[in-house]
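Chemist: predicted structure and sequence below. I'll ask about it afterward.
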Amino acid sequence: MGNKIKQPSIPLELMPKPFGPVPSVRQLSWHRLEFYGFLHFTVNTFSDKEWGYGDESPEVFAPTAFDADQIAEVAASGGMAGLILTCKHHDGFCLWPSKYTGHSVKNSPWKNGKGDIVREISDACRRHGLKFGTYLSPWDRNHPEYGRHAYLEYFRKQLHELTTEYGELFEVWFDGANGGDGYYGGTRESRHIDRKNYYDWKNTWEIVRRNQPGASMFSDAGPDVRWVGNEDGIAGDPCWSTLTKNNLYPGFGGDVKTDFAVAEMVKAWASDQEMLNMGDRKGDAWLPAECDVSIRPGWFYHQTEDQKVRSPENLLDLYFRSVGRGASFLLNLPPDRRGLIHENDVRSLNGFKKRINEIFGTNLAAGARIAASNIRGNNSAFSPEKLLDGDGSTFWATDDSMTKADVVLEFPEAVTFNVVSLREYLPLGQRIDQFAIDVDKDGQWQEYARCRAVGSRRLVRGAKTSTRKIRLRILEGAACPVLSELGIHFDSAH
């Protein structure tokens with residue numbers, strides 16, 4: 001579902017200059033994935049909890065038919081580009097035989113303590129053409145030293161294990177839940193930390209940079225990918241890929257400011273959520289959003305939710321409201337107590353993939369003549385035909401002075417459509433502020449849709465319309481437009 005981006009073969013002196021913050025190489029690779037999966041699987045699966053307290057015995061973890069290939073095959077068949085595994089959730093139980101704790105699969109009955117879930121999932125991902133990523137909770141409700149320096153050393157050693165022993169990672173995921181009630185080696189108390197300073201994030205992140213230079217790191221502060229501010233799978237409209245990083249750190253969104261009144265705390269949290277949800281057009285860093293959501297009401301498997309799995313149409317709606325707003329779509333598929341993706345989840349995911357194929361399998365624009373009001377330097381290297389060639393390294397661009405411009409598609413006969421897809425050429429930044437889509441009706445242009453922001457991808461979904469001409473108008477931009485794709489599609493079921 002990605003659009004490959006490579007270096008264009010155009011002399012640099014002819015290229016538009018980048019505008020504002022631009023993505024790193026690792027962020028560009030991440031953008032291309034668009035849709036990938038989460039696997040929430042631990043002792044909670046068997047204790048029927050969402051957050052384990054930390055006192056669960058490793059003996060609770062006992063999948064009866066764990067099959068990493070079934071899990072990976074389901075994800076690949078459903079159109080996912082990768083999987084992120086919860087290697088350790090807040091309960092502290094490790095899905096790999098960590099050298100630094102006994103609270104792991106090595107003391108579970110599964111495979112007589114000889115198994116390694118992380119190894120099996122990572123290997124299965126590669127067999128099925130998927131990227132692999134890890135989730136390591138900074139909070140640990142089991143470890144006796146949590147809140148003290150000794151735990152930070154433990155946490156970093158485990159991060160080193162995961163980033164050196166399981167091959168190439170595409171993403172390393174850090175949760176923002178840090179501190180509170182826990183078992184903590186039997187003390188059963190509440191421990192709170194200085195979220196901003198306790199983990200010494202600059203040096204902790206350096207472990208990932210050193211061991212996995214191609215991996216993007218996620219948290220509500222990045223440094224590569226930001227949380228979208230909710231667990232509903234929905235990005236803001238618009239959702240800018242830029243944000244101002246000043247004073248941001250992982251977990252800042254949940255930081256309780258004890259000197260605030262309750263109403264002020266709620267107001268501050270709502271403001272943080274909105275900022276993460278929509279980004280900042282004038283932000284100083286490229287920090288795109290990831291939309292995380294579960295296919296079920298809960299993040300871990302619960303038998304009582306077997307009939308509450310999201311429908312294919314609901315997943316499609318989330319796709320339009322995440323990927324279609326320039327973010328990524330991270331969908332959780334929780335393995336059940338067998339260690340498999342449940343049949344209902346499989347059915348829904350396959351139905352979603354079928355709908356995606358039906359909509360985007362054909363680009364109606366491929367059969368159209370295309371013309372633009374301006375072509376950069378009248379050079380064919382920047383012609384509007386580049387919007388239709390399926391090559392993410394080519395693009396239509398205008399002269400620097402032309403921040404407003406039009407592209408017109410003319411079809412040999414009327415086409416029926418209700419979806420438009422646009423992509424900016426990200427290595428040159430996010431440039432377009434507002435655009436409109438028009439259709440020709442009896443020789444007169446009628447506005448079909450008006451939107452803000454394009455970015456990695458912008459999907460416009462509207463009413464079914466038939467026409468022989470479609471016009472894209474760039475209404476406002478911070479720099480000349482640089483677009484790599486214009487797709488026209490028809491969703492017959494919408």
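Modeler: Now that the structure is in, tell me what you want to look at.
Chemist: now stretch 443-450: mean pLDDT?
Modeler: Averaging pLDDT along stretch 443-450 yields 98.
Chemist: now swap in stretch 483-494 and tell me
Modeler: 96.
Chemist: mind checking the end-to-end distance for it?
Modeler: 27 Å (C-alpha to C-alpha, to the nearest Å).
Chemist: tell me which helix or strand in the chain has the weakest average pLDDT.
Modeler: Using mean pLDDT, DSSP states H and E, helix 262-278 stands out as the lowest-scoring helix or strand of the chain, at a mean of 70.
Chemist: what does the following helix or strand past that one rub up against?
Modeler: Later in the chain than helix 262-278, the nearest helix or strand by DSSP states H and E is strand 285-286. Applying C-beta atoms under 8 Å, 6 or more residues apart in numbering, the contact partners of strand 285-286 are 21-24, 27, 222, 241-245. Heads up, the C-betas are built off the backbone N, CA and C, glycines and all.
Chemist: check stretch 15-22 too.
Modeler: 8, 242, 283-286, 376, 397, 400, 426-431, 478-480, 482.
Chemist: ok, of the residues you listed, which come out buried?
Modeler: Those of the contacts of stretch 15-22 that meet the buried threshold are 8, 242, 283, 285-286, 376, 397, 426-431, 479-480, 482, by 16 or more other C-beta atoms under 10 Å.
Chemist: need the contacts of strand 285-286 in JSON lines with distance to Y100 and pLDDT, can you?
Modeler: Listed next are the contacts of strand 285-286 as JSON lines, based on distance: C-beta to C-beta, whole Å; pLDDT from 0 to 100:
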{"residue": "P21", "distance to Y100": "38", "pLDDT": "98"}
{"residue": "V22", "distance to Y100": "39", "pLDDT": "98"}
{"residue": "P23", "distance to Y100": "35", "pLDDT": "98"}
{"residue": "S24", "distance to Y100": "31", "pLDDT": "98"}
{"residue": "Q27", "distance to Y100": "31", "pLDDT": "98"}
{"residue": "G222", "distance to Y100": "27", "pLDDT": "95"}
{"residue": "S241", "distance to Y100": "37", "pLDDT": "98"}
{"residue": "T242", "distance to Y100": "38", "pLDDT": "97"}
{"residue": "L243", "distance to Y100": "34", "pLDDT": "95"}
{"residue": "T244", "distance to Y100": "37", "pLDDT": "92"}
{"residue": "K245", "distance to Y100": "32", "pLDDT": "86"}
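Chemist: filter those residues down to the buried ones, ChimeraX style.
Modeler: Applying 16+ other C-beta under 10 Å to the contacts of strand 285-286, the buried members can be selected in ChimeraX as follows:
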select :21,22,23,27,222,241,242,243,245
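Chemist: what about the contacts of strand 285-286, which are in strands?
Modeler: Secondary structure from DSSP state E places 242-243 of the contacts of strand 285-286 in strands.
Chemist: now do the nearest residue to R423 once chain neighbours are set aside against L12, distance only.
Modeler: Leaving aside its sequence neighbours, R423 sits nearest to E485 (C-beta to C-beta, 6 or more residues apart in numbering; 4.0 Å). With distances taken as C-beta to C-beta, to the nearest Å, E485 is found 23 Å from L12.
Chemist: when the two are compared, which one has more neighbours?
Modeler: E485 (25 against 7; other C-beta atoms under 10 Å).
Chemist: where along the chain do the helices fall?
Modeler: Assigned by DSSP state H, the chain shows helices spanning 25-33, 44-47, 68-77, 117-127, 149-164, 201-211, 262-278, 312-322, 343-360.
Chemist: would you list the ones you listed in TSV and tack on distance to G54?
Modeler: What follows is the helices of the chain, written out as TSV (distance: least, C-beta to C-beta, whole Å):
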stretch	distance to G54
helix 25-33	32
helix 44-47	11
helix 68-77	26
helix 117-127	19
helix 149-164	13
helix 201-211	21
helix 262-278	26
helix 312-322	32
helix 343-360	28
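Chemist: lowest mean pLDDT across those helices, which one is that?
Modeler: helix 262-278 (a mean of 70).
Chemist: quick revisit: what's the closest of the helices of the chain to K469?
Modeler: For the helices of the chain, the distance to K469 is smallest for helix 343-360, at 21.7 Å, taking C-beta to C-beta.
Chemist: name the helices or strands packed onto the closest one?
Modeler: If contacts are counted by 3 or more C-beta pairs under 8 Å, 6 or more residues apart in numbering; DSSP states H and E, helix 343-360 sits against helix 68-77, helix 312-322, strand 405-424, strand 482-489.
Chemist: give me the buried positions along it.
Modeler: Buried-residue list, helix 343-360, by 16+ other C-beta under 10 Å: 344-346, 348-349, 351-353, 355-356, 359.
Chemist: any chance of these in a markdown table, with distance to A493 too?
Modeler: Compiled in a markdown table, the buried residues of helix 343-360 are given as follows (distance: C-beta to C-beta, whole Å):
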| residue | distance to A493 |
| --- | --- |
| N344 | 21 |
| D345 | 21 |
| V346 | 21 |
| S348 | 16 |
| L349 | 17 |
| G351 | 11 |
| F352 | 12 |
| K353 | 14 |
| R355 | 7 |
| I356 | 12 |
| I359 | 9 |
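Chemist: what sits against G102?
Modeler: By C-beta under 8 Å, 6+ apart, the neighbours of G102 are P58.
Chemist: now do the residue nearest to R452 when sequence neighbours are not counted against E476, distance only.
Modeler: Among residues not flanking R452 along the chain, P238 sits closest, at 4.2 Å (C-beta to C-beta, 6+ apart). Between P238 and E476 the computed distance is 12 Å (C-beta to C-beta).
Chemist: between the two, point out the one with more neighbours.
Modeler: Neighbours were counted for P238 and for E476 using other C-beta under 10 Å; P238 has more, 20 against 12.
Chemist: got the contact list for that one?
Modeler: In this structure, P238 makes contact with 278-279, 281, 325-326, 451-453, judged by C-beta under 8 Å, 6+ apart.
Chemist: before we move on, the earlier item: need the max-distance pair from the buried ones among the contacts of stretch 15-22.
Modeler: Across the buried ones among the contacts of stretch 15-22, no pair lies farther apart than A285 and R376, at 27.7 Å, counting by C-beta to C-beta.
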